[in-house]
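Undergrad: Requesting a structural model of the entry that follows:
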Amino acid sequence: MSNAILIIDDTKSVRQQILDTLHGTDLFSDYFEAGNSLEGLKTLLNEKIDIVLCDVEMPGMDGFSFLAIASARKELQDIPILLLTSHDVIETKVKALEQGASDYLTKQFSPG
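TA: Predicted coordinates for the structure are as follows:
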């Protein structure tokens, strides 16, 4: 059985850090990347994705807008979306969860 993750972040080095961390876990068989929310939405609609990690702060469509669009699509509603941000602000976490994010992670995570 395959498990696929989609990582959406406008910073290539952040996407690479996440990929490097996850590749050592055997949690996923397929990895998809997107440099912005629109590209991520296209991937989400065209691939079998099991979970999404999406940056909150991106130019154009931010993570909250991505979450709203994905949550409004019936075929995407069961896919967990975890929002990522570099700011550890409780109000932003509450907003993310209230708007339907499965969880909210602060960047500067470490694999160990």
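Undergrad: Going by C-alpha atoms from here, please, whenever you check contacts or count neighbours.
TA: OK.
Undergrad: tell me the contacts of the most centrally placed residue in the chain?
TA: Computing the C-alpha centroid of the chain and ranking residues by Cα atoms, centre = their mean puts residue 53 first, at 1.8 Å. By Cα atoms under 8 Å, 6 or more residues apart in numbering, residue 53 lies in contact with 5-8, 81-84.
Undergrad: Let's see which of those end up in helices.
TA: Assigned to helices by DSSP state H, none of the contacts of residue 53 qualify.
Undergrad: Narrow those to those in strands?
TA: 5-8, 81-84 (DSSP state E).
Undergrad: and residue 28, how many neighbours?
TA: When neighbours are defined as other Cα atoms under 10 Å, residue 28 has 16 of them.
Undergrad: Excluding chain neighbours, what is closest to it?
TA: Leaving aside its sequence neighbours, residue 28 sits nearest to residue 3 (Cα to Cα, 6 or more residues apart in numbering; 4.8 Å).
Undergrad: Buried residues, stretch 51-65. List them.
TA: Applying a neighbour-count criterion of 16 or more other Cα atoms under 10 Å, one finds 51-58, 62-64 buried in stretch 51-65.
Undergrad: how far away is the residue nearest to residue 28 from residue 49?
TA: 7 Å (Cα to Cα, to the nearest Å).
Undergrad: Between the two, tell me which one has more neighbours.
TA: Using other Cα under 10 Å as the criterion, residue 3 and residue 49 rank with residue 49 on top: 20 against 14.
Undergrad: Fine by me, we can end here.
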